[in-house]
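Need coordinates for the below:
(chains A and B)
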Amino acid sequence: MSSDLRRKLELTLFLGPALLLFVGFVLVPMVLAVYYSLYNWTGFTSLDDFAGFKNYLDALTGSVFQNAVWHNVVIAVLSLVVQLPLSIALALLLNRRLRGRAFLRVIVFAPYVLSEAITAVIWLLILQPGGFADQVLRAAGLGGLVRQWLADPDLVLFTLFVVITWKYIGFGIILLLAGLQGIPAELKEAAALDGATSWQTTRHVILPLLGPTVRIWIFLSVIGSLQLFDLVWIMTLGGPANASTTMATYLIDHGFKRYEFGFGSAVAVLLFIICFTFALLYQRFALRRDTEGAVSR
Amino acid sequence: MKRQSVAYLVAILIVGITVVPLIFVILGGFRTTGQINADPAGLPGPWVWDNYRDILTSPEFWTFLGNSLLIAVVATTLAVALGSMAAFALSRYTFRGREGWYTLFTLGLLFPLGVATLPLYLLLRQLGMLENPMGVALPEAAFSLPVTIVILRPFMRAIPAEIEDAAVLDGATRIGFFWRIMLPLSMPALTTVAVLAFVTSWNAYLLPLLVFNDSGNFTLPLGVATFQSQYSQDTARVLAFTALSMIPALGFFMLAERRIVGGLTGSVKG
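Numbering: from 1, shown residues only, chains lettered A, B, ... in the order given. Next up is the predicted model:
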């Protein structure tokens, strides 16, 4: 009897505080976001102007939001097409017995440790018109390439992508290197004994075994691309002329700059639905095999 | 052999692309804005110490640093303490609804802080926690709980029941077992989740941006971004400020490189 009571007390003691914090600061705000999204609301007056799904319709049919989604998708696709092959190639290269390999890893990983805010400021200064980047290009005889990196609506998204790549490529390389380290040397030796060339070994033995790591990277990269905020907000505020708006900058712009809390909440819910749908589908079709073993480890 | 030299060539290229922007920032801090404008890619000559000295002797930088540290320490402590307790309950007790509670926490992995910021801001306003470091630290701890619990639970579960039985035979209570045996045994996993929570909080920008208006409360990322727009005409000063702001993160990384890399790559591998 008293031991049962004691058990319940212990459980409450162990689980209670975490649940309280989690529910209070994660779940309640999420539920409130859904609630607010159904109202026209500036955040100051009382919540009485019920709008139904109007905020959602306005967002989904507005060209700025559509463009924002498009920008997130462009960044995500560019990451897959550019960063992934680059990370794999560099990881394969760094997996060789190179002198100073440990040093190299630390260096490559360094930008990942810096906050997006610091990264944004660094590149803002480098990309100033007539600044460091322009001068280096001119000195290399590529002066014709100099552009308004952050002020040209056609270019700004790609400039941001380069900065994102600079910051995050190290993480991909380290992750893939960890994956490569997990491949037994015997497999490579066996392939070599069977007369496989080094390219064949890479293509048919190593890359398939790297699959789980690559799938995790893709997941993190896409979710990260969909939620992009700090870097864009500091470097361009989503400009010029909304050319680099992302869902998150759109949300903050409307919620906080224009006090459209109802509308901003609707955008937040849409952003969440998009991420959630991607996560579910990806989990269902790509990740399940990998995590089955890992989670019950 | 030829392939090896290609490897070295690429390696040097990578190091260059990674490091040159950082060096530009650090060296730029040793120049004047006039020098930088005249020759952006030039080296300091003569070396100017004023930028760094001014920033290090003014309270601004130290205030930002202190605020960042306070918030990160509180958020990390809370996330690790509450997270390890919850993970203990979810791994070493059997009770109805256990998996349900666990799933509830894992759902949190899918809620980006960005999505919740608007209502979070309103909640904090209602609680009177705007301009309060705890208004940032508490939500950050809450958002770190899911990953903390997801990493710690399998770890705690894997510790053999025999150890617990032995402790009970020696007269330990469950709480005593948690405190004296489970926590010390979980040290590697605890370090990993602590590093994750700390880095996340240290680098956070959005939540502090919304919660703090008074620059006396700013954290380092917020401070750097604000400093940049405030002194946009004084490039050298901004470069020096940015360089100094990089030091804590890079220093921490150099000290705990193995832990951080292991923690980050380990955490995403489940």
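
Can you point out the buried residues in stretch B:112-130?
For stretch B:112-130, a neighbour-count test (16 or more other CB atoms under 10 Å in any protein chain shown) marks B:112-124, B:129-130 as buried. Bear in mind the C-beta positions are built from the backbone N, C-alpha and C, glycine included.

ugh, wrong one, stretch A:123-142
Quick answer for stretch A:123-142 (16+ other CB under 10 Å): A:Trp123, A:Leu124, A:Leu125, A:Ile126, A:Leu127, A:Gln128, A:Gly131, A:Phe132, A:Ala133, A:Asp134, A:Gln135, A:Val136.

surely the first one meets A:Met235?
I take that to be A:Trp123. Yes: the pair A:Trp123 / A:Met235 is scored as a contact, 6.8 Å apart, by CB atoms under 8 Å.

tell me what the host helix or strand of B:Ile163 is packed against?
Assigned by DSSP states H and E, B:Ile163 falls within helix B:161-169. Counting contacts by 3 or more CB pairs under 8 Å, 6 or more residues apart in numbering or on different chains; DSSP states H and E, helix B:161-169 packs against helix B:174-177.

What average pLDDT does the helix it packs on get?
Mean pLDDT, helix B:174-177: 89.

quick one: it near chain A?
Yes: using CB under 8 Å from any CB of the partner chain, we find that helix B:174-177 touches chain A at B:Arg174, B:Ile175.

Name the next helix or strand downstream of that helix, please.
Counting by DSSP H and E, what follows helix B:174-177 is helix B:183-185.

contact partners of whichever helix or strand comes after that following helix?
Going down the chain from helix B:183-185, the next helix or strand is helix B:187-203, by DSSP H and E. Helix B:187-203 is contacted from outside by A:113-117, B:68, B:71-73, B:75-76, B:79-80, B:83-84, B:137, B:140-141, B:143-144, B:147-148, B:151-152, B:155-156, B:183, B:220-221, B:248-249, B:256, B:259-260, B:262-264, B:266-267, using CB atoms under 8 Å, 6 or more residues apart in numbering or on different chains.

Just the buried residues of those.
The buried subset of the contacts of helix B:187-203 (16+ other CB under 10 Å) comprises A:113-117, B:68, B:71-72, B:75-76, B:79-80, B:83-84, B:137, B:140-141, B:143-144, B:147-148, B:151-152, B:155-156, B:183, B:220-221, B:249, B:256, B:259-260, B:262-264, B:266-267.

Spatially central, which residue of the chain would that be?
Picking chain A for this. A:Gly224 (1.2 Å; CA atoms, centre = their mean).

oops, chain B please
By CA atoms, centre = their mean, chain B has its centre lying nearest to B:Val199, at 1.3 Å.

how much space between that one and B:Ala249?
For B:Val199, the distance to B:Ala249 equals 8 Å [CB to CB, to the nearest Å].

Same check on A:Asp4?
Going from A:Asp4 to B:Ala249 by CB to CB gives 49 Å.

same thing with B:Val193?
To B:Ala249, B:Val193 is 19 Å away according to CB to CB.

same deal with B:Gly45?
For B:Gly45, the distance to B:Ala249 - CB to CB - is 29 Å.

And for A:Phe272?
To B:Ala249, A:Phe272 is 29 Å away according to CB to CB.

got it, and A:Gly141?
Remark: distance between A:Gly141 and B:Ala249 (CB to CB) = 36 Å.

wait, isn't A:Ile274 in contact with A:Phe65?
No: A:Ile274 is beyond contact range of A:Phe65, at 11.3 Å (criterion: CB under 8 Å).

Looking at those two, which is more packed in?
The neighbour count for A:Ile274 versus A:Phe65, taken as other CB atoms under 10 Å in any protein chain shown, is higher for A:Phe65 (22 against 16).

and the more buried one, that one's in a strand?
No: read with DSSP: H, G, I helix; E, B strand; the rest coil, A:Phe65 is helix and lies in no strand.

Now do the contacts for it.
A:Ala59, A:Met247, A:Tyr250, A:Val267, A:Leu270.

now A:Phe256
A:Gly264, B:Leu118, B:Tyr121, B:Leu210.

Now B:Pro46: phi and psi?
Recorded main-chain torsions at B:Pro46 are phi -70, psi 160, according to degrees, to the nearest 10.
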